[in-house]
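1. Please find the sequence and the predicted model below.
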Amino acid sequence: MRLAGKVALITGAARGMGAAEARLFAREGAKVVVSDVLEDEARAVASEINDSGGEALALALDVSKDDDWRRVVAEAEARFGKLNVLVNNAGIIERHSLEETSEETWDRIMAVNAKGVFLGTKAALPAMRRAGGGSIINISSISGMVSVGYPAYNASKGAVRVFTKSAAVEYAGEGIRVNSIHPGAIWTPMSLYKNERTREERAATVPMGRVGDPEEVAYGALFLASDESSYVTGSEMVIDGGVTAE
Amino acid sequence: MRLAGKVALISGGGRGMGAAEARLFAGEGAKVVIGDVLEDEGRAVASEINGSGGEAFFSLLDVTKDDDWRRVVAEAAARFGKLNVLVNNAGILVREELEEGDGEGWDRTLDVNAKGVYLGMKRAVPEMRRAGGGSIINISSISGLVSLGYPAYNASKGAVRIITKNVAIQYAREGIRVNSIHPGVIKTAMMDGDTRGDEDWDRLLPMKRFGEAIEVAYGALFLASDESSYMTGSELVIDGGFTAQ
């Protein structure tokens, strides 16, 4: 098993890509902390993992709150003994043009998508140092690379992309790797949220001719979480069916 | 096993990253064709794989020769029934600055590193189409992203980076995925003759060490396997943080 003996904390793990990562990591031998603001859904994912022979713990986590992070990292260490992997997956979207983007929207998106990654990375570092190293995987987006039309979301994902490199270079000497994943059109609750475009309409914009499944992102996260990627840090893994290649 | 039932052709499979990929892929269940101009080394890797329960054969492959590619792809299909994965790994480094040399170094570098990738993809694609899809992995370099080393090498690796995206888009709907890997400084025979001191490298490498061939091979394994089914036209950088700063 590719994550045997490792402890992984995944944010936004109640559904979508986070839930897919939690299930996949558990199958590969990791003990998983399923964290989310959606407590009932997070508990359901953890129960499912525990019922199928894995080990998981559900914890409430609002990634924009430093106190939440301290508590969750401490509980992860207390329950599972250490922390090796953090997937900063939690994120929100609001679909507005620049002039329709209110200051509140900007602040809310930045608090979750960008500040949440900063706080999580900061809170996890001491625990990973105690564990002798670790892997942090920040879920950015192709919106961190090119325009998708929603400026606040774009900006937040661009922040994640470059913050990742800063943390990667700073902690490379300590065996803590930090990489970003840039999913394209993945079929999740977020992609459905206030989005009037159908699955078919979105598939038509992808060179592969289809939208991606959460599992297809989870496998990228698995590679980055495992020791197979031991020389990968500060890198961007694009999983988008070819959208940004053209 | 992550490549069970797949047939993989690896150019430059006689040593370094190519040999590491050949061993790893065979260990994950792939039948492996090792192409190389280095006949003794290539045969030795194939024997080692066959001796440890895998399946492999060596075929002489000069990646600059279209006839070689036609023959090797045909042999792969004849011996193993199909072709699912191509790793364009063969490459050379000519240590020549811009104003040095008579242009022969440029021609040779571009022939092997860029034209070799073009010819390989051209001959592999029809066979992959017959197989119902496939994965092509082009070994570029961080020299395909930033200035490092020598201009001809830089240019050749930049060419590989972008032809990867072109072919990825062209064949995305046929289930043929094409991605590039950008290794940083990896401990292989290609680094023999490097004149930089440890202090220079410590400054350039956030991880303060060279990578191992196996650390690139695992990236190629991920891209070769169906785990990367939604990845095409992407760049996988494996450089210990070199280009992040």
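-> Nice, I can see it.
2. tell me the contacts of the spatially most central residue of chain B?
-> By Cα atoms, centre = their mean, chain B has its centre lying nearest to B:N89, at 2.0 Å. By Cβ atoms under 8 Å, 6 or more residues apart in numbering or on different chains, the contact set of B:N89 is B:10-13, B:17-18, B:21, B:139. Every C-beta, even on glycine, is put in place using the N, C-alpha and C of the backbone.
3. what residue lies at the spatial centre of chain A?
-> A:N89 (1.9 Å).
4. For that one, give its distance to A:A13.
-> Going from A:N89 to A:A13 by Cβ to Cβ, to the nearest Å gives 7 Å.
5. same question, A:V34
-> In terms of Cβ to Cβ, A:V34 sits 4 Å off from A:A13.
6. Show me the contacts of B:N89 that map onto strands.
-> Judged by DSSP state E, strands contain the following of the contacts of B:N89: B:10-11, B:139.
7. Turn these into JSON lines, columns for distance to chain A, neighbour count and pLDDT.
-> Shown next, in JSON lines, are the ones in strands among the contacts of B:N89 (distance: Cβ to the nearest Cβ, whole Å; neighbours: other Cβ atoms under 10 Å in any protein chain shown; pLDDT from 0 to 100):
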{"residue": "B:I10", "distance to chain A": "18", "neighbour count": "34", "pLDDT": "98"}
{"residue": "B:S11", "distance to chain A": "22", "neighbour count": "29", "pLDDT": "98"}
{"residue": "B:I139", "distance to chain A": "14", "neighbour count": "27", "pLDDT": "98"}
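8. Check which element follows the worst-scoring helix or strand of chain A on mean pLDDT along the chain.
-> One helix or strand of chain A scores below all others by mean pLDDT, DSSP states H and E: helix A:189-192, with a mean of 83. Downstream of helix A:189-192, the first helix or strand assigned by DSSP states H and E is helix A:199-203.
9. gap between the lowest-mean-pLDDT helix or strand in chain B and the chain center?
-> One helix or strand of chain B scores below all others by mean pLDDT, DSSP H and E: helix B:198-204, with a mean of 82. Put simply, helix B:198-204 sits 26 Å off its chain's centre (Cα atoms, centre = their mean, to the nearest Å).
10. buried ones in it?
-> B:L204 (16 or more other Cβ atoms under 10 Å in any protein chain shown).
11. contacts for the next helix-or-strand element following it?
-> Counting by DSSP H and E, the next helix or strand C-terminal to helix B:198-204 is helix B:213-224. By Cβ under 8 Å, 6+ apart, the residues outside helix B:213-224 that reach it are A:219-220, A:223, A:228-232, B:2-3, B:6, B:8, B:16-17, B:19-21, B:23-25, B:28, B:30, B:85, B:87, B:135, B:137, B:139, B:177, B:179, B:181, B:183, B:186-188, B:228, B:231, B:236, B:238.
12. Please name the residues that touch B:E28.
-> B:1-4, B:221, B:225.
13. any residues in contact with both of A:N89 and A:A13?
-> Both A:N89 and A:A13 are contacted by A:E21, under the criterion Cβ under 8 Å, 6+ apart.
14. residues shared between the contacts of A:V34 and A:A13?
-> Residues touching both A:V34 and A:A13 (Cβ under 8 Å, 6+ apart) are A:19, A:22, A:42, A:45.
15. Look up which helix or strand B:V73 falls in, please.
-> Assigned by DSSP H and E, B:V73 belongs to helix B:66-80.
16. Mind listing residues that contact the following helix or strand past that helix?
-> Counting by DSSP H and E, the next helix or strand C-terminal to helix B:66-80 is strand B:85-88. Strand B:85-88 is contacted by residues B:3, B:6-11, B:13, B:18, B:21, B:25, B:30, B:63, B:116-117, B:120-121, B:124, B:128, B:134-139, B:160, B:220, B:224 when judged by Cβ under 8 Å, 6+ apart.
17. what about 7 Å?
-> Contacts to strand B:85-88, defined as Cβ atoms under 7 Å, 6 or more residues apart in numbering or on different chains, come from residues B:6, B:8-11, B:21, B:30, B:116-117, B:120, B:124, B:134-139, B:220, B:224.
18. Likewise for stretch A:69-89?
-> A:6-13, A:17-18, A:21, A:30-31, A:33, A:35, A:57, A:59, A:61, A:116-117, A:119-120, A:123-124, A:127-128, A:130-131, A:134-139, A:221, A:225.
19. What is the longest strand of chain A by residue count?
-> Using DSSP E to define each element, chain A has its longest strand at strand A:176-183.
20. Point out the other helices and strands that that one packs with.
-> Strand A:176-183 makes packing contacts with strand A:134-139, helix A:151-171, helix A:214-225, strand A:236-239 when contacts are defined by 3 or more Cβ pairs under 7 Å, 6 or more residues apart in numbering or on different chains; DSSP states H and E.
21. how about 10 Å then?
-> Strand A:176-183 is packed against helix A:16-27, strand A:85-88, helix A:116-130, strand A:134-139, helix A:151-171, helix A:214-225, strand A:236-239, with contacts defined by 3 or more Cβ pairs under 10 Å, 6 or more residues apart in numbering or on different chains; DSSP states H and E.
22. Each with direction, which strands does that strand pair with?
-> Strand pairing for strand A:176-183, using DSSP bridges, gives strand A:134-139 (parallel), strand A:236-239 (parallel).
23. which residues touch the closest residue in space to A:S141 that isn't next to it in sequence?
-> Spatially, and ignoring its direct neighbours in sequence, A:S141 is nearest to A:K157 (4.3 Å; Cβ to Cβ, 6 or more residues apart in numbering or on different chains). Counting by Cβ atoms under 10 Å, 6 or more residues apart in numbering or on different chains, A:K157 makes contact with A:91, A:93, A:109, A:113-114, A:117, A:138-145, A:148, A:150, A:180, A:182.
24. quick one, the strand ranked longest in chain B and helix B:213-224 angle?
-> Ordering each strand of chain B by length in residues (DSSP E) puts strand B:176-183 first. Relative orientation of strand B:176-183 and helix B:213-224, computed by axes from the mean of the first three to the mean of the last three Cα atoms, to 10 degrees: 160 degrees.
25. Strand B:176-183 vs chain A: in contact?
-> Yes - where contact is defined by Cβ under 10 Å from any Cβ of the partner chain, part of strand B:176-183 touches chain A, namely B:177-179, B:182-183.
26. Given that strand, what are its sheet partners and their directions?
-> Here strand B:176-183 has these sheet partners by DSSP bridges: strand B:134-139 (parallel), strand B:235-238 (parallel).
27. Out of these, flag the one nearest B:G35.
-> Relative to B:G35, the nearest member of the strands paired with strand B:176-183 by Cβ to Cβ is strand B:134-139, separated by 13.3 Å.
28. Please report which of the shared contacts of A:V34 and A:A13 has the highest neighbour count.
-> Among the shared contacts of A:V34 and A:A13, A:A22 has the most neighbours (other Cβ atoms under 10 Å in any protein chain shown), with 33 neighbours.
29. Might one say that that residue is in contact with A:A13?
-> Yes - counting by Cβ atoms under 10 Å, A:A13 is a contact partner of A:A22 at 4.6 Å.
30. Kindly list the longest helix within chain B.
-> helix B:151-171 (DSSP state H).
31. Leaving out sequence neighbours, find the closest residue to residue 143.
-> Picking chain A for this. Closest residue to A:S143 apart from its sequence neighbours, by Cβ to Cβ, 6+ apart: A:K157 at 4.4 Å.
32. if you could check chain B rather than the one you did, that'd help
-> In space, B:S143 is closest to B:K157, 4.4 Å off (Cβ to Cβ, 6+ apart).
33. which residues touch that neighbour?
-> Shown in contact with B:K157 (Cβ under 10 Å, 6+ apart): B:91, B:93, B:109, B:113-114, B:117, B:138-145, B:148-149, B:180, B:182.
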